[in-house]
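Student: no sequence on this one, just coordinates:
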DNA sequence: GTCTATACTTGGATAGAC
DNA sequence: GTCTATCCAAGTATAGAC
């Protein structure tokens, strides 16, 4: 039993090291320019050895993507677990702060998610779609808990808020406004009535 | 002089055909999987011939990206030219409808813009940044014309609105809600006060 | 000036040894 | 589970035709 666990851990470690190395290369060089040889070198193994863990470069990308999505979901879930008593708007704000913070200041395993999206048609894509749907359901629930004006389109609201946040990786620069402040401003913008009727 | 024009047109056409073929392959297969040989074949030439027009695959991507951005900017500018007399909110709505419509229902030369973004570090990236800044200035101006509540953060509002719209290519499906309706809903969401104080 | 033919080089992938 | 050797597809360079 101990042996089994040891072997399992060993496997996992090597796989994790590969995921980390791949994510780094994908983020730095882009998926197309990142070579399996470079990734293998960073992970301390020979190019051919990668194929014991992943059947192809594309599958490696999918694994990196899933890994990053899982980390994001865990970060947001953990943050929400800490604010259970507050108001619905507070809970939404907490989730948005966690989402933006992990997205913008997380490591390469997180950054790789937004910068390298596997193709729509790829066979292994179904699991990614499932993960994304589950993740977005968290926000759907948070929005559903708000006391919104009658007739508010929750579906559109969710797509708008998540879209605004997810796109931020294209313009965010470290040192400028913090992810937390950005998230708070997005929420304020939604809560406020911008149309003054003037 | 006629000869010069003929040669010029010939150049342009071949280049255009290449851009079209490349955009199509980039969208269909993704940048990494699209081969120069396939692109050349679609454009009716030999693989090596591409290199007379573009020095590398990456530069071809940059050219496709710039081409698409230009088409988007032209579409929005043209739409705005047609509604000069209306209210600031109407003008903003017009721009958003045009932006989303061309983005979501435009051809491959448009789709390629969102789906294949050249790397940040790439040398030829400066022109893309310049084009994007100029394009976003259009929206900055439209937002500046609105009579917004005092203290509204125009910068955040622009990033939020454009982010929500740009991200839509990840979830939009033809046949579902039209780009025009989506754009209108986004605007309504911003104009409305979502916080009922309840 | 534009394209073809062809060769060079890198890189994804596989087979079999250890 | 990893390495070595190898294959072949694909990016790229270039010489020369027209």
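Tutor: Yes, it's here. Quantities reported herein were computed from a predicted structural model and do not represent experimental measurements.
Student: only C-alpha atoms from now on, for both contacts and neighbour counts.
Tutor: Fine.
Student: give me the domain ranges for chain A.
Tutor: A:1-55, A:58-194 (automatic domain parsing).
Student: what's the span of the longest one, first residue to last?
Tutor: One end of domain A:58-194 sits 45 Å from the other (Cα to Cα, to the nearest Å).
Student: wait, does it make contact with DNA strand D?
Tutor: No: judged by Cα under 7 Å from any atom of the strand, domain A:58-194 and DNA strand D are separated, with a smallest distance of 13.5 Å.
Student: now do the buried residues in stretch A:125-142.
Tutor: Of all the residues in stretch A:125-142, those buried under the rule 16 or more other Cα atoms under 10 Å in any protein chain shown are A:125, A:128, A:135-136, A:138-140, A:142.
Student: and it, does that touch chain B?
Tutor: No: figure legend: stretch A:125-142 not in contact with chain B (Cα under 8 Å from any Cα of the partner chain); closest approach 10.7 Å.
Student: pLDDT (mean, whole number) over that stretch?
Tutor: Averaging pLDDT along stretch A:125-142 gives 96.
Student: how far is stretch A:115-126 from where the chain is centred?
Tutor: 15 Å (Cα atoms, centre = their mean, to the nearest Å).
Student: stretch A:68-79 now?
Tutor: On the basis of Cα atoms, centre = their mean, stretch A:68-79 is displaced by 7 Å from the centre of the chain it belongs to.
Student: cool, stretch A:145-165 as well?
Tutor: 20 Å.
Student: need the residues that contact it.
Tutor: A:88-89, A:96, A:100, A:139-140, A:143-144, A:183, A:186, B:159-168, B:182, B:185-186, B:189, B:194-196, B:198 (Cα atoms under 8 Å, 6 or more residues apart in numbering or on different chains).
Student: and for stretch A:24-32?
Tutor: Applying Cα under 8 Å, 6+ apart, the contact partners of stretch A:24-32 are A:33-34, A:38-39, A:61, A:108-109, A:111-112, A:115-116, B:31-32, B:119.
Student: which of the residues you listed count as buried?
Tutor: Buried among those by 16+ other Cα under 10 Å: A:34, A:38-39, A:61, A:108-109, A:111-112, A:115-116, B:31, B:119.
Student: residue A:28: what secondary structure?
Tutor: helix (DSSP: H, G, I helix; E, B strand; the rest coil).
Student: what angle sits between the helix or strand that contains residue A:158 and helix B:154-167?
Tutor: Per DSSP states H and E: residue A:158 is located in helix A:154-167. Angle, helix A:154-167 to helix B:154-167, by axes from the mean of the first three to the mean of the last three Cα atoms, to 10 degrees: 110 degrees.
Student: mean confidence score for the helix or strand just after helix A:154-167?
Tutor: The helix or strand immediately downstream of helix A:154-167 is helix A:179-191, counting by DSSP H and E. Taken as a whole, helix A:179-191 carries a mean pLDDT of 98.
Student: tell me the angle of helix A:179-191 relative to helix A:154-167?
Tutor: 150 degrees.
Student: helix A:179-191 packs against which elements?
Tutor: Judged by 3 or more Cα pairs under 8 Å, 6 or more residues apart in numbering or on different chains; DSSP states H and E, the packing partners of helix A:179-191 are helix A:88-105, helix B:154-167, helix B:179-191.
Student: between those helices, which one is closest to DNA strand C.
Tutor: helix A:88-105 (25.8 Å; Cα to the nearest atom of the strand).
Student: pLDDT weak spots in chain A?
Tutor: Flagging of chain A using pLDDT under 70 yields the residue ranges A:1-12.
Student: residues of it that sit close to DNA strand C?
Tutor: Counting by Cα under 7 Å from any atom of the strand, chain A comes close to DNA strand C at A:32-37, A:47-49, A:51, A:55-58.
Student: counting neighbours, which of the residues you listed comes out on top?
Tutor: residue A:36 (20 neighbours; other Cα atoms under 10 Å in any protein chain shown).
Student: what sits against that one?
Tutor: Contacts of residue A:36 (Cα under 8 Å, 6+ apart): A:47, A:50, A:57.
Student: so of those, which ones are in helices?
Tutor: In helices, defined here by DSSP state H, the members of the contacts of residue A:36 are A:50, A:57.
Student: got a markdown table for the contacts of residue A:36, with distance to residue A:14 too?
Tutor: Listed next are the contacts of residue A:36 as a markdown table, based on distance: Cα to Cα, whole Å:
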| residue | distance to residue A:14 |
| --- | --- |
| A:47 | 14 |
| A:50 | 10 |
| A:57 | 16 |
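Student: now, which of the contacts of residue A:36 sits nearest chain B?
Tutor: residue A:57 (10.6 Å; Cα to the nearest Cα).
Student: which residues touch that closest one?
Tutor: residue A:36.
Student: again, 7 Å this time
Tutor: Contacts of residue A:57 were listed using Cα atoms under 7 Å, 6 or more residues apart in numbering or on different chains, and none were found.
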